[in-house]
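A.B. asks: Here is my input, please return the structure:
(one chain, ligands or ions: 1)
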Amino acid sequence: MMLSGLRFPVERSQGRRYPEPPHPYRNPFQRDRDRIIHARAFRRLEAKTQVFTPGLSDHFRNRLTHTIEVAQIARTVASALGLDEDLTEALALVHDVGHPPFAHAGEQELDRQMRRFGEHFDHNQHALRIVETFEQRYARFPGLNLTFEVREGIVKHSRDLEPGQLPMFDEYLPELRPPLEAQLIDLADEIAYNSADLDDGFSAGMFQAEDVAGHVPEYGEIFEAAETQFPGASERERFHESLRQLIDALVSGLIEGTVAAARAAGVRDHSEVRAYPKRLVVFTPETGAADRQLKEFLSRFVYSSEALSEERARSSAMMAELFQFFLDHPDALPSAYQRRMAAEPPYRVVCDYIAGMTDVFFHRTYRELLPGSQSSTLA
Ligand code: MG
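C.D. replies: The predicted structure follows:
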(Lines give C-alpha, C1' and ligand atoms only; values in the text may rest on other atoms or scores of the structure.)
Protein backbone atom coordinates (compact mmCIF):
# COMPACT_ATOMS: atom_id res chain seq x y z
CA MET A 1 0.00 0.00 0.00
CA MET A 2 1.48 3.25 -1.21
CA LEU A 3 1.15 5.46 1.88
CA SER A 4 0.22 2.97 4.60
CA GLY A 5 2.97 4.42 6.79
CA LEU A 6 0.95 7.65 6.92
CA ARG A 7 -2.34 5.99 7.94
CA PHE A 8 -3.94 7.39 11.07
CA PRO A 9 -3.77 4.49 13.56
CA VAL A 10 -7.16 4.00 15.24
CA GLU A 11 -5.44 3.05 18.51
CA ARG A 12 -3.97 6.59 18.60
CA SER A 13 -7.41 8.22 18.57
CA GLN A 14 -7.87 10.95 21.16
CA GLY A 15 -11.16 9.25 21.95
CA ARG A 16 -14.62 10.47 22.86
CA ARG A 17 -15.80 13.39 24.98
CA TYR A 18 -17.61 10.91 27.28
CA PRO A 19 -15.48 7.79 27.73
CA GLU A 20 -17.20 4.51 26.79
CA PRO A 21 -16.14 0.89 27.18
CA PRO A 22 -14.68 -0.62 23.98
CA HIS A 23 -16.92 -2.70 21.71
CA PRO A 24 -15.96 -6.39 21.37
CA TYR A 25 -15.51 -6.35 17.57
CA ARG A 26 -16.06 -2.83 16.18
CA ASN A 27 -13.25 -0.29 16.54
CA PRO A 28 -14.06 3.36 17.44
CA PHE A 29 -14.15 4.60 13.82
CA GLN A 30 -16.44 1.74 12.77
CA ARG A 31 -18.78 2.64 15.63
CA ASP A 32 -18.72 6.29 14.54
CA ARG A 33 -19.70 5.27 11.01
CA ASP A 34 -22.62 3.24 12.39
CA ARG A 35 -23.76 6.06 14.69
CA ILE A 36 -23.79 8.48 11.76
CA ILE A 37 -25.85 6.12 9.59
CA HIS A 38 -28.40 5.72 12.41
CA ALA A 39 -28.69 9.48 13.04
CA ARG A 40 -31.84 11.38 12.09
CA ALA A 41 -29.78 14.07 10.37
CA PHE A 42 -28.37 11.37 8.07
CA ARG A 43 -31.84 10.13 7.08
CA ARG A 44 -32.96 13.69 6.36
CA LEU A 45 -30.34 13.91 3.59
CA GLU A 46 -32.76 11.95 1.41
CA ALA A 47 -35.18 14.87 1.22
CA LYS A 48 -32.59 17.62 0.75
CA THR A 49 -31.66 19.05 -2.63
CA GLN A 50 -28.14 18.56 -3.94
CA VAL A 51 -28.38 20.84 -7.02
CA PHE A 52 -31.45 19.81 -9.00
CA THR A 53 -34.80 19.69 -7.23
CA PRO A 54 -36.82 16.54 -7.83
CA GLY A 55 -39.86 16.81 -10.07
CA LEU A 56 -38.30 17.04 -13.53
CA SER A 57 -36.71 13.63 -13.18
CA ASP A 58 -36.50 10.82 -10.62
CA HIS A 59 -32.84 10.30 -11.44
CA PHE A 60 -31.24 13.46 -10.08
CA ARG A 61 -28.99 13.15 -7.06
CA ASN A 62 -30.31 14.19 -3.70
CA ARG A 63 -27.96 14.84 -0.80
CA LEU A 64 -28.12 11.22 0.35
CA THR A 65 -27.20 9.65 -2.99
CA HIS A 66 -24.48 12.31 -3.36
CA THR A 67 -23.15 11.32 0.07
CA ILE A 68 -23.01 7.65 -0.97
CA GLU A 69 -21.06 8.61 -4.10
CA VAL A 70 -18.57 10.61 -2.00
CA ALA A 71 -18.17 7.67 0.40
CA GLN A 72 -17.51 5.29 -2.51
CA ILE A 73 -14.87 7.55 -4.10
CA ALA A 74 -13.24 8.37 -0.74
CA ARG A 75 -13.01 4.71 0.25
CA THR A 76 -11.47 3.80 -3.09
CA VAL A 77 -8.78 6.45 -2.60
CA ALA A 78 -8.17 5.46 1.04
CA SER A 79 -7.89 1.81 0.13
CA ALA A 80 -5.49 2.43 -2.80
CA LEU A 81 -3.29 4.64 -0.57
CA GLY A 82 -3.37 2.25 2.39
CA LEU A 83 -5.16 4.72 4.70
CA ASP A 84 -7.83 3.97 7.32
CA GLU A 85 -11.00 3.18 5.37
CA ASP A 86 -13.29 3.27 8.42
CA LEU A 87 -12.30 6.80 9.42
CA THR A 88 -12.58 7.86 5.78
CA GLU A 89 -16.03 6.33 5.40
CA ALA A 90 -17.34 7.88 8.64
CA LEU A 91 -16.12 11.32 7.52
CA ALA A 92 -17.62 10.94 4.03
CA LEU A 93 -21.00 9.89 5.41
CA VAL A 94 -21.14 12.81 7.84
CA HIS A 95 -19.74 15.50 5.52
CA ASP A 96 -23.08 17.01 4.44
CA VAL A 97 -25.38 16.45 7.45
CA GLY A 98 -25.18 20.15 8.35
CA HIS A 99 -26.67 21.30 5.03
CA PRO A 100 -29.90 23.30 5.30
CA PRO A 101 -32.73 22.84 2.77
CA PHE A 102 -32.27 24.23 -0.78
CA ALA A 103 -28.56 23.49 -1.12
CA HIS A 104 -26.26 26.52 -1.43
CA ALA A 105 -29.11 28.98 -1.85
CA GLY A 106 -30.39 27.86 1.56
CA GLU A 107 -26.99 28.12 3.18
CA GLN A 108 -26.40 31.61 1.75
CA GLU A 109 -29.81 32.83 2.86
CA LEU A 110 -29.41 31.54 6.42
CA ASP A 111 -26.01 33.20 6.52
CA ARG A 112 -27.53 36.45 5.25
CA GLN A 113 -30.22 36.29 7.95
CA MET A 114 -27.68 35.61 10.71
CA ARG A 115 -25.45 38.48 9.57
CA ARG A 116 -28.29 40.90 10.35
CA PHE A 117 -27.53 39.96 13.98
CA GLY A 118 -23.74 39.99 13.69
CA GLU A 119 -23.61 36.17 13.44
CA HIS A 120 -23.09 33.78 10.53
CA PHE A 121 -24.15 30.35 9.30
CA ASP A 122 -21.77 27.67 8.02
CA HIS A 123 -22.85 24.10 7.29
CA ASN A 124 -19.68 22.51 8.70
CA GLN A 125 -20.12 24.30 12.02
CA HIS A 126 -23.77 23.33 12.00
CA ALA A 127 -22.83 19.67 11.38
CA LEU A 128 -20.66 19.77 14.49
CA ARG A 129 -23.58 21.14 16.54
CA ILE A 130 -25.80 18.35 15.20
CA VAL A 131 -23.45 15.53 16.20
CA GLU A 132 -22.49 17.19 19.51
CA THR A 133 -25.90 18.37 20.69
CA PHE A 134 -28.98 18.02 18.53
CA GLU A 135 -28.96 14.27 17.96
CA GLN A 136 -30.41 12.76 21.12
CA ARG A 137 -30.24 9.01 20.89
CA TYR A 138 -28.14 8.01 23.89
CA ALA A 139 -29.13 8.08 27.54
CA ARG A 140 -25.64 8.74 28.86
CA PHE A 141 -24.55 11.72 26.78
CA PRO A 142 -25.85 14.41 24.41
CA GLY A 143 -25.18 14.01 20.68
CA LEU A 144 -23.42 11.03 19.12
CA ASN A 145 -20.25 11.24 21.23
CA LEU A 146 -18.05 10.74 18.14
CA THR A 147 -14.28 10.38 18.31
CA PHE A 148 -12.09 13.48 18.26
CA GLU A 149 -10.78 12.69 14.75
CA VAL A 150 -14.26 12.59 13.19
CA ARG A 151 -15.25 15.87 14.88
CA GLU A 152 -11.95 17.44 13.81
CA GLY A 153 -12.54 16.24 10.24
CA ILE A 154 -15.99 17.89 10.22
CA VAL A 155 -14.58 21.21 11.39
CA LYS A 156 -11.68 21.12 8.90
CA HIS A 157 -13.65 19.67 5.96
CA SER A 158 -12.74 22.27 3.37
CA ARG A 159 -10.39 24.64 5.10
CA ASP A 160 -7.77 24.84 7.79
CA LEU A 161 -8.29 26.85 10.94
CA GLU A 162 -6.19 29.78 12.06
CA PRO A 163 -5.30 29.64 15.76
CA GLY A 164 -7.65 31.97 17.65
CA GLN A 165 -9.86 32.55 14.59
CA LEU A 166 -12.86 30.73 16.03
CA PRO A 167 -12.34 30.23 19.78
CA MET A 168 -14.99 27.48 19.92
CA PHE A 169 -12.75 25.35 17.68
CA ASP A 170 -9.52 25.84 19.62
CA GLU A 171 -9.69 22.27 20.91
CA TYR A 172 -9.41 20.97 17.31
CA LEU A 173 -5.68 21.71 16.94
CA PRO A 174 -6.03 24.80 14.73
CA GLU A 175 -2.27 24.92 14.12
CA LEU A 176 -2.25 21.44 12.54
CA ARG A 177 -3.55 19.86 9.32
CA PRO A 178 -6.07 17.01 9.72
CA PRO A 179 -4.95 13.41 8.98
CA LEU A 180 -4.88 12.32 5.30
CA GLU A 181 -8.17 10.44 5.79
CA ALA A 182 -9.87 13.77 6.53
CA GLN A 183 -7.97 15.73 3.89
CA LEU A 184 -9.17 13.48 1.10
CA ILE A 185 -12.90 13.99 1.77
CA ASP A 186 -12.94 17.51 0.34
CA LEU A 187 -11.50 16.43 -3.02
CA ALA A 188 -13.54 13.20 -3.18
CA ASP A 189 -16.55 15.51 -2.65
CA GLU A 190 -15.41 17.67 -5.60
CA ILE A 191 -14.98 14.69 -7.92
CA ALA A 192 -18.38 13.36 -6.89
CA TYR A 193 -20.31 16.60 -7.35
CA ASN A 194 -18.56 17.75 -10.52
CA SER A 195 -19.22 14.46 -12.27
CA ALA A 196 -22.76 14.13 -10.85
CA ASP A 197 -23.72 17.68 -11.83
CA LEU A 198 -22.34 17.01 -15.31
CA ASP A 199 -24.44 13.85 -15.49
CA ASP A 200 -27.62 15.49 -14.14
CA GLY A 201 -27.11 18.64 -16.25
CA PHE A 202 -26.75 16.49 -19.37
CA SER A 203 -29.92 14.56 -18.46
CA ALA A 204 -31.73 17.87 -17.96
CA GLY A 205 -30.71 18.89 -21.50
CA MET A 206 -28.65 21.90 -20.39
CA PHE A 207 -25.76 21.21 -22.82
CA GLN A 208 -24.43 18.69 -25.36
CA ALA A 209 -21.49 16.33 -24.91
CA GLU A 210 -19.56 18.44 -27.49
CA ASP A 211 -19.92 21.50 -25.24
CA VAL A 212 -18.07 19.69 -22.45
CA ALA A 213 -15.44 18.44 -24.90
CA GLY A 214 -14.88 22.03 -26.08
CA HIS A 215 -14.32 23.41 -22.56
CA VAL A 216 -12.60 20.56 -20.72
CA PRO A 217 -9.69 19.20 -22.82
CA GLU A 218 -9.27 16.12 -20.59
CA TYR A 219 -12.90 15.19 -21.27
CA GLY A 220 -12.48 16.09 -24.98
CA GLU A 221 -9.68 13.56 -25.42
CA ILE A 222 -11.67 10.81 -23.72
CA PHE A 223 -14.77 11.69 -25.77
CA GLU A 224 -12.83 11.58 -29.06
CA ALA A 225 -11.30 8.22 -28.16
CA ALA A 226 -14.81 6.94 -27.34
CA GLU A 227 -15.96 8.01 -30.82
CA THR A 228 -13.25 5.88 -32.43
CA GLN A 229 -13.73 3.02 -29.99
CA PHE A 230 -17.55 2.87 -30.20
CA PRO A 231 -18.41 4.19 -33.68
CA GLY A 232 -22.03 2.98 -33.56
CA ALA A 233 -22.78 4.31 -30.07
CA SER A 234 -25.36 7.05 -29.49
CA GLU A 235 -24.33 10.46 -28.14
CA ARG A 236 -25.85 9.48 -24.81
CA GLU A 237 -23.81 6.26 -24.62
CA ARG A 238 -20.62 8.07 -25.55
CA PHE A 239 -21.35 10.78 -22.98
CA HIS A 240 -21.73 8.24 -20.19
CA GLU A 241 -18.76 6.16 -21.32
CA SER A 242 -16.62 9.33 -21.28
CA LEU A 243 -17.97 10.51 -17.94
CA ARG A 244 -17.13 7.15 -16.39
CA GLN A 245 -13.57 7.37 -17.70
CA LEU A 246 -13.27 10.99 -16.55
CA ILE A 247 -14.17 10.02 -12.96
CA ASP A 248 -11.57 7.28 -13.15
CA ALA A 249 -8.95 9.76 -14.44
CA LEU A 250 -9.74 12.26 -11.66
CA VAL A 251 -9.59 9.60 -8.92
CA SER A 252 -6.31 8.24 -10.33
CA GLY A 253 -4.95 11.79 -10.53
CA LEU A 254 -5.86 12.36 -6.89
CA ILE A 255 -4.09 9.19 -5.79
CA GLU A 256 -1.02 9.95 -7.90
CA GLY A 257 -0.86 13.61 -6.86
CA THR A 258 -1.09 12.68 -3.19
CA VAL A 259 1.66 10.05 -3.40
CA ALA A 260 3.92 12.57 -5.16
CA ALA A 261 3.17 15.35 -2.62
CA ALA A 262 3.74 13.05 0.37
CA ARG A 263 7.06 11.82 -1.06
CA ALA A 264 8.22 15.36 -1.89
CA ALA A 265 7.33 16.50 1.65
CA GLY A 266 9.28 13.60 3.12
CA VAL A 267 6.69 12.96 5.84
CA ARG A 268 7.12 9.64 7.65
CA ASP A 269 3.97 9.21 9.74
CA HIS A 270 0.58 10.70 10.62
CA SER A 271 2.02 13.22 13.06
CA GLU A 272 4.38 14.60 10.40
CA VAL A 273 1.40 14.84 8.02
CA ARG A 274 -0.38 16.92 10.67
CA ALA A 275 2.63 19.15 11.28
CA TYR A 276 3.33 19.75 7.57
CA PRO A 277 2.30 23.33 6.68
CA LYS A 278 0.20 22.36 3.64
CA ARG A 279 -2.40 19.72 2.86
CA LEU A 280 -0.86 16.74 1.08
CA VAL A 281 -3.96 15.32 -0.58
CA VAL A 282 -3.77 17.01 -4.00
CA PHE A 283 -4.47 16.33 -7.66
CA THR A 284 -1.64 16.02 -10.20
CA PRO A 285 -1.26 19.34 -12.09
CA GLU A 286 -3.16 17.91 -15.14
CA THR A 287 -6.12 16.55 -13.18
CA GLY A 288 -6.16 19.71 -11.03
CA ALA A 289 -6.60 21.71 -14.25
CA ALA A 290 -9.39 19.38 -15.43
CA ASP A 291 -11.10 19.78 -12.05
CA ARG A 292 -11.01 23.59 -12.36
CA GLN A 293 -12.21 23.55 -15.97
CA LEU A 294 -15.10 21.29 -15.01
CA LYS A 295 -16.12 23.72 -12.29
CA GLU A 296 -16.00 26.66 -14.70
CA PHE A 297 -18.05 24.72 -17.23
CA LEU A 298 -20.69 23.78 -14.66
CA SER A 299 -20.86 27.27 -13.28
CA ARG A 300 -21.57 28.66 -16.77
CA PHE A 301 -23.85 25.97 -18.22
CA VAL A 302 -25.59 24.68 -15.09
CA TYR A 303 -25.37 26.72 -11.88
CA SER A 304 -25.99 30.11 -13.53
CA SER A 305 -28.62 28.78 -15.93
CA GLU A 306 -31.93 30.63 -15.91
CA ALA A 307 -33.87 27.64 -14.54
CA LEU A 308 -31.61 27.18 -11.52
CA SER A 309 -31.21 30.92 -10.87
CA GLU A 310 -34.98 31.43 -10.72
CA GLU A 311 -35.38 28.51 -8.38
CA ARG A 312 -32.60 29.81 -6.14
CA ALA A 313 -34.17 33.27 -5.95
CA ARG A 314 -37.55 31.76 -5.05
CA SER A 315 -36.07 29.47 -2.35
CA SER A 316 -34.11 32.35 -0.80
CA ALA A 317 -37.18 34.58 -0.69
CA MET A 318 -39.25 31.88 0.99
CA MET A 319 -36.53 31.19 3.54
CA ALA A 320 -36.20 34.88 4.41
CA GLU A 321 -39.98 35.08 4.91
CA LEU A 322 -40.16 32.00 7.12
CA PHE A 323 -37.18 33.20 9.18
CA GLN A 324 -38.91 36.51 9.86
CA PHE A 325 -42.22 34.77 10.56
CA PHE A 326 -40.67 32.67 13.36
CA LEU A 327 -38.92 35.73 14.83
CA ASP A 328 -42.30 37.50 14.93
CA HIS A 329 -44.23 34.40 16.10
CA PRO A 330 -41.95 32.30 18.33
CA ASP A 331 -45.09 30.53 19.61
CA ALA A 332 -45.29 28.84 16.18
CA LEU A 333 -42.03 26.97 16.90
CA PRO A 334 -42.09 23.44 18.37
CA SER A 335 -42.07 23.56 22.18
CA ALA A 336 -38.48 22.30 22.53
CA TYR A 337 -37.29 25.28 20.44
CA GLN A 338 -39.49 27.70 22.39
CA ARG A 339 -37.84 26.48 25.60
CA ARG A 340 -34.37 27.12 24.16
CA MET A 341 -35.33 30.76 23.60
CA ALA A 342 -35.13 31.35 27.36
CA ALA A 343 -31.35 30.85 27.22
CA GLU A 344 -30.40 31.62 23.60
CA PRO A 345 -30.98 34.48 21.16
CA PRO A 346 -34.17 33.98 19.10
CA TYR A 347 -32.34 34.24 15.74
CA ARG A 348 -30.03 31.34 16.72
CA VAL A 349 -32.98 29.12 17.65
CA VAL A 350 -34.88 30.00 14.45
CA CYS A 351 -31.73 29.38 12.38
CA ASP A 352 -31.21 25.93 13.94
CA TYR A 353 -34.85 25.00 13.36
CA ILE A 354 -34.85 25.98 9.69
CA ALA A 355 -31.38 24.52 9.06
CA GLY A 356 -32.61 21.11 10.24
CA MET A 357 -35.57 21.06 7.84
CA THR A 358 -35.69 18.96 4.68
CA ASP A 359 -36.89 20.70 1.51
CA VAL A 360 -40.15 18.76 1.79
CA PHE A 361 -40.78 19.78 5.41
CA PHE A 362 -39.83 23.37 4.64
CA HIS A 363 -42.44 23.59 1.86
CA ARG A 364 -45.11 22.02 4.09
CA THR A 365 -44.35 24.40 6.98
CA TYR A 366 -44.22 27.39 4.66
CA ARG A 367 -47.60 26.58 3.09
CA GLU A 368 -49.19 26.07 6.51
CA LEU A 369 -47.84 29.21 8.15
CA LEU A 370 -47.73 31.59 5.21
CA PRO A 371 -50.64 30.63 2.98
CA GLY A 372 -51.28 32.98 0.11
CA SER A 373 -47.81 34.54 0.25
CA GLN A 374 -46.28 35.72 -3.03
CA SER A 375 -43.46 33.19 -3.10
CA SER A 376 -45.73 30.35 -2.10
CA THR A 377 -48.02 30.88 -5.11
CA LEU A 378 -44.93 30.74 -7.34
CA ALA A 379 -43.63 27.58 -5.71
MG1 MG B 1 -20.86 17.26 -0.47
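A.B. asks: The ion contacts on the stretch 51-200 of the chain?
C.D. replies: Proximity of the stretch 51-200 of the chain to the ion (Cβ under 5 Å from the ion) is limited to residues 96, 189. Bear in mind the C-beta positions are built from the backbone N, C-alpha and C, glycine included.
A.B. asks: Recalculate using a threshold of 8 Å.
C.D. replies: Within the stretch 51-200 of the chain, the positions adjacent to the ion are 63, 66, 67, 70, 95, 96, 99, 189, 192, 193 by Cβ under 8 Å from the ion.
A.B. asks: nearest spatial neighbour of the residue of the stretch 101-250 of the chain found nearest the ion, skipping sequence neighbours?
C.D. replies: Of all residues in the stretch 101-250 of the chain, the one sitting closest to the ion is residue 189 (4.3 Å; Cβ to the ion). Of all residues not flanking residue 189 in the chain, residue 70 sits nearest, at 5.2 Å (Cβ to Cβ, 6 or more residues apart in numbering).
A.B. asks: Tell me the buried residues in stretch 119-138?
C.D. replies: Of all the residues in stretch 119-138, those buried under the rule 16 or more other Cβ atoms under 10 Å are 121, 123, 124, 125, 126, 127, 128, 130, 131, 132, 134, 135.
A.B. asks: Settle this for me: the residue nearest to residue 189 is touching residue 188, isn't it.
C.D. replies: Yes - applying Cβ atoms under 8 Å, one finds residue 70 in contact with residue 188, separated by 5.4 Å.
A.B. asks: Between those two, point out the one with more neighbours.
C.D. replies: residue 188 (28 against 24; other Cβ atoms under 10 Å).
A.B. asks: and that one, what does it touch?
C.D. replies: Shown in contact with residue 188 (Cβ atoms under 8 Å, 6 or more residues apart in numbering): 70, 73, 74, 77, 92, 254.
A.B. asks: The buried residues of stretch 119-138 into a markdown table, with extra columns for secondary structure?
C.D. replies: Shown next, in a markdown table, are those (DSSP: H, G, I helix; E, B strand; the rest coil):
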| residue | secondary structure |
| --- | --- |
| 121 | coil |
| 123 | helix |
| 124 | helix |
| 125 | helix |
| 126 | helix |
| 127 | helix |
| 128 | helix |
| 130 | helix |
| 131 | helix |
| 132 | helix |
| 134 | helix |
| 135 | coil |
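A.B. asks: The top helix by length along the chain near the ion at all?
C.D. replies: The residue-count maximum for a helix in the chain (DSSP state H) belongs to helix 235-265. No - using Cβ under 8 Å from the ion, we find that helix 235-265 stays clear of the ion, coming within 15.3 Å at best.
A.B. asks: Secondary structure class of residue 18, three-state.
C.D. replies: coil.
A.B. asks: Can you verify my assumption that it contacts residue 143?
C.D. replies: No - counting by Cβ under 8 Å, residue 143 is not a contact partner of residue 18; they are 9.3 Å apart.
A.B. asks: who's more crowded, those two?
C.D. replies: With neighbours defined as other Cβ under 10 Å, residue 18 and residue 143 compare such that residue 143 has more, 21 against 11.
A.B. asks: Which residue comes closest to that one once chain neighbours are left out?
C.D. replies: residue 132 (4.3 Å).
A.B. asks: How about the contacts made by the nearest residue in space to residue 22 that is not next to it in sequence?
C.D. replies: In space, and not counting its chain neighbours, residue 22 is closest to residue 28: 7.9 Å by Cβ to Cβ, 6+ apart. Contact analysis of residue 28 by Cβ under 8 Å, 6+ apart lists 10, 13, 15, 16, 22, 147.
A.B. asks: Compare the residues you listed and tell me which is most surrounded.
C.D. replies: Going by other Cβ under 10 Å, residue 147 tops these with 22 neighbours.
A.B. asks: That concludes my questions; thank you for your assistance.
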